[in-house]
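1. Need coordinates for the below:
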Amino acid sequence: MVVPLLSLHVKSLGASPTVAGIVGSSYGILQLFSSTLVGCWSDVTGRRTSLLVCILFSALGYLILGASTNVFLFALARVPVGIFKHTLSISRALLSDLVAEKERPLVIGQFNTASSVGFILGPMVGGYLTELDGGFYITCFICFSVFILNAGLVWLFPWSEIKVNSTKNGLQLGKNHALLGKIDYDVQEAGPTPGSTASEKTARLPCTEVASTLRVMRSLVFSDTWDIFLVRLLMAVAVMLYYSNFVLALEERFGVSPKTTGYLISYSSALGALAGFALGPIMRLYGHNSYRVLLHSSTLTFLLLLLYSTARTMVAVVLSSTLLSFSTAIGRTCITDLQLTVGGAQASGTLIGVGQSVTAMGRIIAPLLSGVAQEVSPCGPPSLGAALALVAIFIMSLNKPRYGGDGSDRLKRE
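-> Below is the predicted model of the structure:
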């Protein structure tokens, strides 16, 4: 609800375009460095504690934002949100703890669908509220209230009844998995267990948690999952390049008004949200092999970016936009599932956090590449995106022996 209104509000506070850009970039930079740390921290301290802390600090950020009457308070409000707004990532890690590997892509796909609906409805509600007197402040207070409500739900959730078997899947990060196997982070241990002694309750000091977090991160950095994160980066930048000049390119190439383009974007977003429901049948068709689904969805994304770059009619543009919404939504879910499958579920928070940091890095790289490519042609950014997608497909093909095993057979063995 709030994100589309931020630029208007900071302008109303008297900020210059340069200052507004710096303040806006600070959020992305904070997210880039905090995603991995918070995800790793959730592996060490437990999902409940980390989720509660992230929700409460995010609520604080929106409360300060609603009270901001100058640029300093506006910038200050973005700090706790930039550092702690990782509730979606921790929730995905929690879901990966609770469900079987066979059901994980379907559950994460449905979760992504629910969050996509929020991104579709949020701007509509925020746009309506901002037309009221003091609408921005009302919107911020509503966001603050929603976060507080979520914190209450997390607090009341029966965590002690959750049984997680994620310790069966040690984090297979090269030669360092034995180190991570020592970290016991089961969700039910987020709260004190019956019969625990005082010494056990005080054993996990903050310095111990920090040291454990850093050990997990070091093991991940030197793991053999680098190619998965590289594929994620390349595909993220490819899709971002497609969207980077979408409105301007359609206006220059076909004379389409921004209003019509906005309808097309909303249509594609709605289809992308529905793609999560199609993931279950697709995974069953592929024998629950996330690698093959990712490879084929990435190939489809490459072909659609190529089609859009060379399109001569709006029919081709609408067709490519329609199918891209499905291929990218399915690809995002499968790359997350592949990260957890290869890395192991025991450090799912760390793996998802690193993935979010990689995506944030893509948000920094994509505008720079888009500006350079657009100097050549309006079709430059999507053409470059197609080239990056082709590189990602090549990397996945080279690593097929590692990830290309039959998914159903692997699940039976486990």
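2. Report the contact partners of the closest residue to Ser357 other than its chain neighbours.
-> The spatial neighbour of Ser357 that comes closest, neighbours along the chain excluded (Cβ to Cβ, 6 or more residues apart in numbering), is Ser35 at 4.2 Å. Quick note: C-beta positions are derived from backbone N, CA and C, even for glycine. Counting by Cβ atoms under 8 Å, 6 or more residues apart in numbering, Ser35 touches 86, 89, 353-357, 360.
3. Swap in 6 Å and give it another go.
-> Neighbour list for Ser35: 353, 356-357 [criterion: Cβ atoms under 6 Å, 6 or more residues apart in numbering].
4. same deal with Leu76?
-> Leu76 neighbours (Cβ under 6 Å, 6+ apart): none.
5. same thing but 8 Å
-> For Leu76, the contact set (Cβ under 8 Å, 6+ apart) comprises 64, 68.
6. Where does it fall, secondary structure wise?
-> Taking DSSP states H and E as the definition, Leu76 sits inside helix 71-84.
7. next one: Phe111
-> Using DSSP H and E, Phe111 maps to helix 104-130.
8. quick revisit: how much space is there between the residue nearest to Ser357 and Ser26?
-> Ser35 is 15 Å from Ser26, where distance means Cβ to Cβ, to the nearest Å.
9. One more: Gly14?
-> 18 Å.
10. Could you do Ser58 as well?
-> 16 Å.
11. Roughly how far does Ile83 sit from Ser309?
-> The value you get for Ile83 to Ser309, if Cβ to Cβ is used, is 38 Å.
12. And the helices in the stretch 301-414 of the chain, which stretches?
-> Per DSSP state H, counting those that start in this stretch, the stretch 301-414 of the chain carries helices over the ranges 314-343, 348-376, 380-398, 400-403, 407-413.
13. Around the closest residue to Leu384 other than its chain neighbours, how many other residues sit close by?
-> Using Cβ to Cβ, 6+ apart and skipping residues adjacent in sequence, the residue nearest Leu384 is Ala373, 4.7 Å away. By other Cβ atoms under 10 Å, 21 other residues sit near Ala373.
14. pull the CA atoms of stretch 82-97 into CSV?
-> Extracted as CSV, the C-alpha positions of stretch 82-97 are listed here (Å, rounded to 0.1, in the frame of the first residue of the first chain):
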residue,chain,number,x,y,z
GLY,A,82,15.4,-2.0,5.1
ILE,A,83,17.2,-4.1,7.7
PHE,A,84,14.3,-6.2,9.1
LYS,A,85,11.6,-6.4,6.5
HIS,A,86,12.4,-10.1,5.6
THR,A,87,9.1,-11.6,6.8
LEU,A,88,8.4,-13.2,3.5
SER,A,89,11.9,-14.9,3.4
ILE,A,90,11.6,-16.2,6.9
SER,A,91,8.1,-17.5,6.2
ARG,A,92,9.3,-19.3,3.1
ALA,A,93,12.1,-20.9,5.3
LEU,A,94,9.4,-21.9,7.9
LEU,A,95,7.3,-23.5,5.2
SER,A,96,10.3,-25.5,3.9
ASP,A,97,10.8,-26.7,7.5
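15. isn't Gly380 right next to Gly371, touching?
-> No: Gly380 lies out of contact with Gly371 (Cβ atoms under 8 Å); the separation is 9.7 Å.
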